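1. quick one, fold the following:
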Amino acid sequence: MTSNTGKTTPQSVAADKRTIVGILANSSEDAGLGTQTIDDKYLTAALQAVGAIPLIIPTLLKDAELTHVLSLVDGLILTGDASNIQPAYYNNDGTSESHGPFDDKRDTSAFVLIRAAFENDLPLLGICRGMQEMNVAFGGTIRNDLYANHEFSLHHPIDYTLPPKQRYGAAHQLILEEDGLLNSILGEGDHQVNSLHEQAVETLGDGLVLDALSEDGVIEAFHHPDKAFFLGIQWHAEFEAVSNPVSTRIFAAFSKAMQSIEDVKAFL
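-> Next up, the predicted model:
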């Protein structure tokens, strides 16, 4: 890569060596017009905590186009969102009133990307909704009773009037599985995470392995043992990722997995 003077610069050389991470957008509507949206915090986490260049993937693409995009990136992040997965995908008859709001384009795009990433050994990190999409893609189910079920006493409705630092503050501790991928990433210690979700994984999809629970028994993380990095986490690790030790370790492991993909591409 060269500057506008035709000379190669140190900055351009550094940029050429950076990995590229695809991040799936959400579809919405504003004043009657369709929109594609994504929170800055995911892009910031990719830039600063992963050290990668983020590539936003719109939910407007056809299946073949989505698969082609994956050939251009070194990893994939599926973000959280205020929308939920259509319950028909996990054999539930919930409605928009009971299980919504929904984002059909996000659902279909995510499932295509998850299957393609798995088949091509592409590092995948699913966050919140993204984790739930991974689970449903493998035949798992989602529970919708976090706030009504008194067993989940550490999970409460989200108060959007609070400033972000309070809203994304630590809510509970992770109970890690000893042989899990997440335990190998985080190591021993007290690992506190935030909690901003109204749904959660109920039964794990085929082949997925439990990595962590919350103290009140909600599934907080899983991975697929046949892949180097295929990890779903329920909390929002992207928020202030560079200053949170749990987040920095997860994104560093994700970055390392993506770099391995880039090294293979360079060899080929």
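2. C-alpha from now on. contacts and neighbour counts both.
-> Noted.
3. so what's the residue count around residue 204?
-> Counted with other CA atoms under 10 Å, residues neighbouring residue 204 total 20.
4. now do residue 189
-> For residue 189, the count of nearby residues is 9 (other CA under 10 Å).
5. same question, the one 3 residues further on
-> Burial measure for residue 192: 17 neighbouring residues, criterion other CA under 10 Å.
6. in the sheet, who's paired with it?
-> Assessed by DSSP bridges, residue 192 has beta-bridge partners residue 173.
7. tell me the contacts of residue 231?
-> Residues near residue 231 by CA atoms under 8 Å, 6 or more residues apart in numbering: 124-126, 131, 221-224.
8. and those, which two are the farthest apart?
-> 124 and 221 (13.1 Å; CA to CA).
9. measure the nearest residue to residue 105 once chain neighbours are set aside to residue 65 for me?
-> Spatial nearest neighbour of residue 105, chain neighbours left out: residue 59 (5.6 Å); criterion: CA to CA, 6 or more residues apart in numbering. Residue 59 sits 10 Å away from residue 65, going by CA to CA, to the nearest Å.
10. compare the two (neighbour count), which wins?
-> Shown here are residue 59 and residue 65; by other CA under 10 Å, residue 59 has more neighbours (22 against 10).
11. so the more buried one makes contact with residue 106?
-> Yes. Assessed by CA atoms under 8 Å, residue 59 is found in contact with residue 106 at 5.7 Å.
12. shared neighbours, those two?
-> With CA under 8 Å, 6+ apart, residue 59 and residue 106 have common neighbours 24-27.
13. can you put those in TSV and add pLDDT?
-> Compiled in TSV, these are given as follows (pLDDT from 0 to 100):
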residue	pLDDT
24	98
25	98
26	97
27	95
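14. which of the residues you listed lies closest to residue 205?
-> If you rank those by distance to residue 205 using CA to CA, residue 24 comes first, at 21.3 Å.
15. what's the neighbour count on the closest residue to that closest one other than its chain neighbours?
-> Among residues not flanking residue 24 along the chain, residue 57 sits closest, at 4.7 Å (CA to CA, 6+ apart). Using other CA under 10 Å, residue 57 has 20 neighbouring residues.
16. give me the pLDDT for residue 57.
-> Per-residue pLDDT puts residue 57 at 98.
17. contacting residues around it?
-> Taking CA under 8 Å, 6+ apart, we find residue 57 in contact with 22-25, 66, 69.
18. now residue 142
-> 90, 132, 136, 199-203.
19. now do 10 Å
-> 84-85, 87, 89-92, 132-133, 135-136, 199-204 (CA atoms under 10 Å, 6 or more residues apart in numbering).
20. equivalent analysis for residue 188, please.
-> 176, 178.
21. one step back: now, the contacts of residue 57 that are in strands?
-> Among the contacts of residue 57, the members falling in strands (DSSP state E) are 22-24.
22. quick check, nearest of those to residue 40?
-> residue 23 (11.3 Å).
23. mind listing what's buried along the host helix or strand of residue 130?
-> Element membership of residue 130 [criterion: DSSP states H and E] is helix 129-137. Buried positions in helix 129-137, judged by neighbour count with 16 or more other CA atoms under 10 Å: 129-137.
24. I'm done for today, thanks for sticking with me.
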